[in-house]
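Trainee: 3D, please:
(2 chains)
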Amino acid sequence: VQLVQSGAEVKKPGASVKVSCKASGYTFTDYYIHWVRQAPGQGLEWMGWIKPHSGGPNSGQKFQGRVTMTRDMSISTAYMEVSRLRSDDTAVYYCARGSDFWSGHFDYWGQGTLVTVSS
Amino acid sequence: QSVLTQPPSASGTPGQRVTISCSGSSSNIESNTVNWYQQLPGTAPKLLIYGNNQRPSGVPDRFSGSKSGTSASLAISGLQSEDEADYYCAAWDDSLDGLVFGGGTKLTVL
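Mentor: Here you go, the predicted structure:
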C-alpha cells in the first residue's frame, strides 16, 4: 500500500492550491481518504474526508467553504484544494487511508506536501 | 487550544516505563475509540494504537493503550532511544462532527 502525494508548493495569499494523493497497492474505492495538516512546529489538525466510491466529502467545520475534496477513480487519486489561502495555511498536508469516516484509524499515510503561503 | 489535552513533554531513561495521558470529554473519548500516533522528526505520523488498545502488526508489544471514561493513556515499557518522538492521541468528536487530535507530547529518552 502506498499513498504518494504531489510536490511542494509556494503560493501567494488569496490564491488556491490543489494537492494530489495517488493510491496504489489496494482497491481505491474500498477505503476513505482523510486529509490532515501540520503547521510548522505545531500539532496535527484533521481537515476532512472523501469516500472514493461515493464521493460524499465532508470537511471539518473550520474548513467548510474553503476546502474542496475530490477524487478521480480512474487513476486512484484523491485531491484536496484550499482556496483563499492565508499565511496561517502554511503547513505540511498529509493524506491518510481510513477504513471509515469516524474512527480516526489511519493505517497508511502519504509522505506529506509542504504548502508555503507567502507574499 | 486542542480539544484533547496532552502533556507537552515527557521523559524517561532507557528501560523505564512511561505513560502519556490524553484527556477529553463525553463527546469524544468517552463515546468513541481512541487512537495513538507516533511521529518521528521529519516524517509522517505512524499508527501506534487503534480502537483504544489494539496494536497494528509490526508495533512492538512494549506499546499499550487504555481508556477509562473521558481519559486515555499510552504506556511505553522498556523505553528505547528510538522511541524519542512526538505522540498524538485522536478521537472522533460527536459535537464537532469531526476528528480531534491532542496537542502532542514530545517524548525525550534521557
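Trainee: Can you name the residues of chain B that neighbour chain A?
Mentor: B:2, B:32-33, B:35, B:37, B:39, B:44-47, B:50-51, B:56, B:88, B:90-92, B:96-104 (CB under 8 Å from any CB of the partner chain). Every residue, glycine included, has its C-beta placed from N, CA and C.
Trainee: buried subset of those residues?
Mentor: B:2, B:32-33, B:35, B:37, B:39, B:44-47, B:50, B:88, B:90-92, B:98-104 (16 or more other CB atoms under 10 Å in any protein chain shown).
Trainee: which strand residues sit across from the closest residue to A:Gly56 other than its chain neighbours in the sheet?
Mentor: Distances taken as CB to CB, 6 or more residues apart in numbering or on different chains place A:Ile50 nearest to A:Gly56, at 7.3 Å, with adjacent residues excluded. With beta bridges defined as DSSP bridges, A:Ile50 has these partners: A:Ile33.
Trainee: Give me the most central residue, chain A.
Mentor: A:Trp35 (3.5 Å; CA atoms, centre = their mean).
Trainee: Let me see the mean pLDDT of the helix or strand it falls within.
Mentor: According to DSSP states H and E, A:Trp35 maps onto strand A:32-38. For strand A:32-38, mean pLDDT is 97.
Trainee: Show residues contacting that strand.
Mentor: A:21, A:23, A:44-52, A:67, A:69, A:71, A:78, A:80, A:91-101, A:106, A:112, B:45, B:99 (CB atoms under 8 Å, 6 or more residues apart in numbering or on different chains).
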